[in-house]
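Colleague: build me a structure from this.
(2 chains, ligands or ions: 2)
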There are 2 protein chains.
Amino acid sequence: KYFYKVLFFPDEDYPCKFYAWKGGCKLPICNFPHVETSFKLFGDYLYSARSSLDVCVYTITSLVLCEIILDVHKSGTPVRVIIDDESDNFEGSLLKKFRENGVKLRTDKSSFLMHHKFVIIDKETVMNGSFNWTRNAITANNENVFITNNPEVVKPYMEEFEKLWRYFEPN
Amino acid sequence: KYFYKVLFFPDEDYPCKFYAWKGGCKLPICNFPHVETSFKLFGDYLYSARSSLDVCVYTITSLVLCEIILDVHKSGTPVRVIIDDESDNFEGSLLKKFRENGVKLRTDKSSFLMHHKFVIIDKETVMNGSFNWTRNAITANNENVFITNNPEVVKPYMEEFEKLWRYFEPN
Ligand SMILES: [Zn+2]
Ligand SMILES: [Zn+2]
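Modeller: Ligands and ions are numbered 1, 2, ... in the order given. Modelled structure (predicted):
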């Protein structure tokens, strides 16, 4: 009845984004592979969000993942992002881009780490593991992402998200 | 039939280890709380290992967790630890203690991160999440650990462990 899936990283390469998520690649010469990868599947789940996308992740520095979030946001799906405040100070932070585009964003207020790495799609599916949203997590590090739609798992993550969202409310 | 559990951190404090895992605390005055915490449950699962304990985690700097691993090892349960090689260079590394006591230990060989944070108990139960084995993960950071004995989840982590164990074999 419920599904359980585990993705492992690193992938050998990024998938072609047109092939992966944009309905097909028409480039005469494409530099990116047209293959299923862990990251393609990860992106598939993010793009599948219709009613909500709730992201709670220590750091986001991957341009591709930033672009996916903005695509989902622009498609009309409400997106909320919780991120560690230290990530906000990185050179070239992508959070500015989120703010400029109106993505709802909250950062932790403590000197400790908001170290979660989970996402909830449509309050129905959770993805959770070691995977920060960085380039190295995709094509270099050993990482895992566990995915399920079992409500016994989704519910506690949903509650944690709402708790932190309230707790990190801007004053 | 199968169970699904999610632990969230930080805990407010460390549990008294005698109360938690040593059959009861007899101290007239004990400085540690005698309560159930996320970390007590995490430790319960580690101590429950009988036939094997396979740890695959980016870093181990918590003395308490080091002690638990050594206790399990000394009880006769075969323990294997995979850890990132960068963790091996930390000041006061606990890995020396593992080696001296004969715990089987392998480190990744790459310049990238062995960033997993999972443990498999008796090839039957997996614990996985954002939780590195550090002091801050227990009592300071926002962290999660998902636990299940569903073989659909345990099996892929077991396969990943065996793959990395072979791959990181010392020459
Ligand atoms: Zn292409
Ligand atoms: Zn005590």
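Colleague: for the longest helix along chain A, buried residues please.
Modeller: The longest helix of chain A (DSSP state H) is helix A:151-167. Residues of helix A:151-167 classed as buried by neighbour count (16 or more other Cβ atoms under 10 Å in any protein chain shown): A:153-154, A:156-158, A:160-161, A:164-165. To be clear about C-beta, it is placed using only N, CA and C from the backbone, and glycine gets the same treatment.
Colleague: tabulate those (JSON lines), appending distance to chain B and pLDDT.
Modeller: Below are these laid out as JSON lines (distance: Cβ to the nearest Cβ, whole Å; pLDDT from 0 to 100):
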{"residue": "A:153", "distance to chain B": "5", "pLDDT": "98"}
{"residue": "A:154", "distance to chain B": "10", "pLDDT": "98"}
{"residue": "A:156", "distance to chain B": "4", "pLDDT": "98"}
{"residue": "A:157", "distance to chain B": "7", "pLDDT": "98"}
{"residue": "A:158", "distance to chain B": "11", "pLDDT": "98"}
{"residue": "A:160", "distance to chain B": "6", "pLDDT": "98"}
{"residue": "A:161", "distance to chain B": "11", "pLDDT": "98"}
{"residue": "A:164", "distance to chain B": "7", "pLDDT": "97"}
{"residue": "A:165", "distance to chain B": "12", "pLDDT": "97"}
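Colleague: same list (the residues you listed) but as JSON lines, adding distance to residue B:136.
Modeller: As requested, those are arranged in JSON lines below (distance: Cβ to Cβ, whole Å):
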{"residue": "A:153", "distance to residue B:136": "25"}
{"residue": "A:154", "distance to residue B:136": "27"}
{"residue": "A:156", "distance to residue B:136": "22"}
{"residue": "A:157", "distance to residue B:136": "21"}
{"residue": "A:158", "distance to residue B:136": "25"}
{"residue": "A:160", "distance to residue B:136": "18"}
{"residue": "A:161", "distance to residue B:136": "21"}
{"residue": "A:164", "distance to residue B:136": "17"}
{"residue": "A:165", "distance to residue B:136": "22"}
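Colleague: up against ligand 1, what does chain A have?
Modeller: Applying Cβ under 5 Å from the ion, we find that chain A lies next to ligand 1 at A:16, A:18-19, A:25, A:30.
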